[in-house]
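1. Sequence and predicted structure are below.
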Amino acid sequence: MRASVVVRLLVLLFALVTTCMFLRTYISVRMKTIRLPPWLGAAPTPAIQTKQSKCSLSKPCPASYFAFKICSGAANVVGPSMCFENKVIMSPVKNNVGRGLNIALVNGSTGMMLKHSSFDMYSGDINLLIKFLKEIPEGTLVLVASYDDPGTKMNDETRNLFSNLGSSYAAKLGFRDSWVFIGAKNLKSKTPFEQYLKNNPETNKYEGWPELLELEGCVPQRML
């Protein structure tokens, strides 16, 4: 009789120990798999954010300089674009560019955009362009981007006006050439902010047009 009681006690004790071990393992596994919502648990790790330079430049401009990026048009398909101090001032998306020459005027001390316009150099906006260039106020930065054909109707007066803004290539600009440029009214020397590609059937990237040009960097305030 005593032996049977001992056996029963041992069986009961074994069952209790096994049950405790099972519950302990189960609870431990459940605790590892539960994910609390952020508002109940610890605060989530904030995402690392990198500060992008103005106009997507590779590095920020120093003080007293303006960030810019100018792209000429691609053939007669994609229009030009201009970014100045992280503001897109002319682009196909804004629907304010056109065939020929696209020009934006920016205050050279504040960086504020004054006005912009496009001039069709094939259909004959030459007189409007001359008037526009002659009325540029002192201390103004002049941003220029070509699209399709900037030079067919160019005359000596127009070329001289662009040369006085600091251009080295206005005198050469011709049919379907690519040209991007930043100058200033009455610049005393030639601008370093200019790129030019001649329309050449042997080297053109697009059929009938040279490749688009991209000019970017930091232009000093009051570039005189």
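-> That came through, no problem.
2. Show me which residues of stretch 85-102 are buried.
-> Within stretch 85-102, the residues that count as buried by 16 or more other Cβ atoms under 10 Å are 85, 89-91, 96-102. For glycine as for every other residue, the C-beta is placed from the backbone atoms N, C-alpha and C.
3. no, scratch that, I was asking about stretch 199-219
-> 199, 204, 209-210, 212-213, 215-219.
4. hang on, the earlier thing: so of the buried residues of stretch 85-102, which two are at opposite extremes in space?
-> Greatest spatial distance among the buried residues of stretch 85-102 (Cβ to Cβ): 85 and 99, at 26.7 Å.
5. Any chance of the buried residues of stretch 199-219 in TSV with pLDDT as columns?
-> Below are these laid out as TSV (pLDDT from 0 to 100):
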residue	pLDDT
199	95
204	92
209	94
210	95
212	94
213	96
215	97
216	97
217	96
218	97
219	95
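6. and those residues, which of them are in strands?
-> Counted as lying in strands by DSSP state E, out of the buried residues of stretch 199-219, are 215-219.
7. where do the helices sit along this structure?
-> 2-33, 126-134, 156-164 (DSSP state H).
8. orientation of the last one relative to helix 126-134 in degrees?
-> The one in question is helix 156-164. 30 degrees (axes from the mean of the first three to the mean of the last three Cα atoms, to 10 degrees).
9. So for helix 156-164, what gets flagged as buried?
-> For helix 156-164, by 16+ other Cβ under 10 Å, it's 158-159, 161-164.
10. I'd like to know which of those is nearest to residue 79.
-> Nearest to residue 79 among the buried residues of helix 156-164, counting by Cβ to Cβ, is residue 162 at 20.4 Å.
11. okay, the closest residue to the closest one other than its chain neighbours: pLDDT?
-> For residue 162, ignoring the flanking residues on the chain, the nearest one in space by Cβ to Cβ, 6 or more residues apart in numbering is residue 170 at 3.5 Å. On the pLDDT scale, residue 170 is placed at 96.
12. Distance check, residue 170 against residue 88.
-> 25 Å (Cβ to Cβ, to the nearest Å).
13. Check residue 205 too.
-> Taken as Cβ to Cβ, the span from residue 205 to residue 88 is 24 Å.
14. and what of residue 162?
-> Taking Cβ to Cβ as the measure, residue 162 falls 24 Å from residue 88.
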